[in-house]
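[1] generate coordinates for the sequence data below:
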Amino acid sequence: LQKLGTPIERRQVEAATRPTAVSNLQRNVEFFSNWLNTSQGDPKFEHITEEERLKCRTACDEASSWMYEMLDKQGILPQNVDPAVTVAEISAKSKAVHEACNPIMHKPAPKKEEPPEAKEAEGAPMETDTPPPAAGGDAPAGESQAEPMQTD
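    Model (predicted):
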């Protein structure tokens, strides 16, 4: 009985969860595609190279075309045969797009180097009116540290 019932249950679960998995993949592809389109002229993302943008765009395009191809194959099949694409495969594709694009999107901008004049000014000690604190404690210069604290 399980020999006949298990494949039927598996197909039913696949058919029920496939739309959610497809929606997640579409959302990922659209999110990164929109980011690519809007970040092109944004100064926050000018440190991202065209090669990295191309890598992200390629991952999105490949995932999108794969998804539509698989959905076309699945649409032709009747519900009493195994699916052309599984939820696990769709989820893996979504994860691959995320892993390809997310590090590029969140790549930190390189730190800007200060001009040489600013570095020289930081290295020289500044003159102040207050003397440096005594080596024995954190008390201000006006208070005496000579009296020991009384304990019982």
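
[2] pull the number of nearby residues for the closest residue to residue 52 other than its chain neighbours.
    Excluding its sequence neighbours, the residue lying closest to residue 52 (CB to CB, 6 or more residues apart in numbering) is residue 104, at 4.7 Å. Backbone N, C-alpha and C define where each C-beta goes, glycine included. Each residue near residue 104 was counted by other CB atoms under 10 Å, and the total is 20.

[3] pLDDT score for residue 104?
    Residue 104 carries a pLDDT value of 90.

[4] that one against residue 54, yeah?
    No: using CB atoms under 8 Å, residue 104 makes no contact with residue 54, being 10.2 Å away.

[5] what about residue 34, distance to residue 77?
    32 Å (CB to CB, to the nearest Å).

[6] and if you look at residue 31?
    For residue 31, the distance to residue 77 (CB to CB) stands at 29 Å.

[7] for the particular helix or strand that has residue 14 in it, packing partners?
    Using DSSP states H and E, residue 14 maps to helix 2-39. Secondary-structure packing of helix 2-39 (3 or more CB pairs under 8 Å, 6 or more residues apart in numbering; DSSP states H and E): helix 50-76, helix 87-105.

[8] re earlier: more neighbours: which of residue 31 and residue 77?
    The neighbour count for residue 31 versus residue 77, taken as other CB under 10 Å, is higher for residue 31 (16 against 11).

[9] name the residue closest to the centre of this protein, please.
    Computing the C-alpha centroid of the chain and ranking residues by CA atoms, centre = their mean puts residue 102 first, at 4.1 Å.

[10] run the chain-centre distance for stretch 103-115.
    Distance of stretch 103-115 from its chain centroid, counting by CA atoms, centre = their mean, to the nearest Å, is 15 Å.

[11] CA atoms only for that stretch, dumped as PDB, please.
    The C-alpha trace of stretch 103-115 is given here as PDB (Å, rounded to 0.1, in the frame of the first residue of the first chain):
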ATOM      1  CA  PRO A 103      28.000  39.400  -1.200                       C
ATOM      2  CA  ILE A 104      28.300  41.800  -4.100                       C
ATOM      3  CA  MET A 105      25.400  43.900  -3.000                       C
ATOM      4  CA  HIS A 106      26.800  44.100   0.600                       C
ATOM      5  CA  LYS A 107      30.400  44.600  -0.400                       C
ATOM      6  CA  PRO A 108      31.800  47.300   1.800                       C
ATOM      7  CA  ALA A 109      33.200  50.400   0.200                       C
ATOM      8  CA  PRO A 110      36.900  50.800   0.500                       C
ATOM      9  CA  LYS A 111      38.100  53.200   3.100                       C
ATOM     10  CA  LYS A 112      39.300  56.500   1.700                       C
ATOM     11  CA  GLU A 113      42.800  57.400   2.500                       C
ATOM     12  CA  GLU A 114      43.400  60.700   4.200                       C
ATOM     13  CA  PRO A 115      45.600  63.300   2.500                       C
END
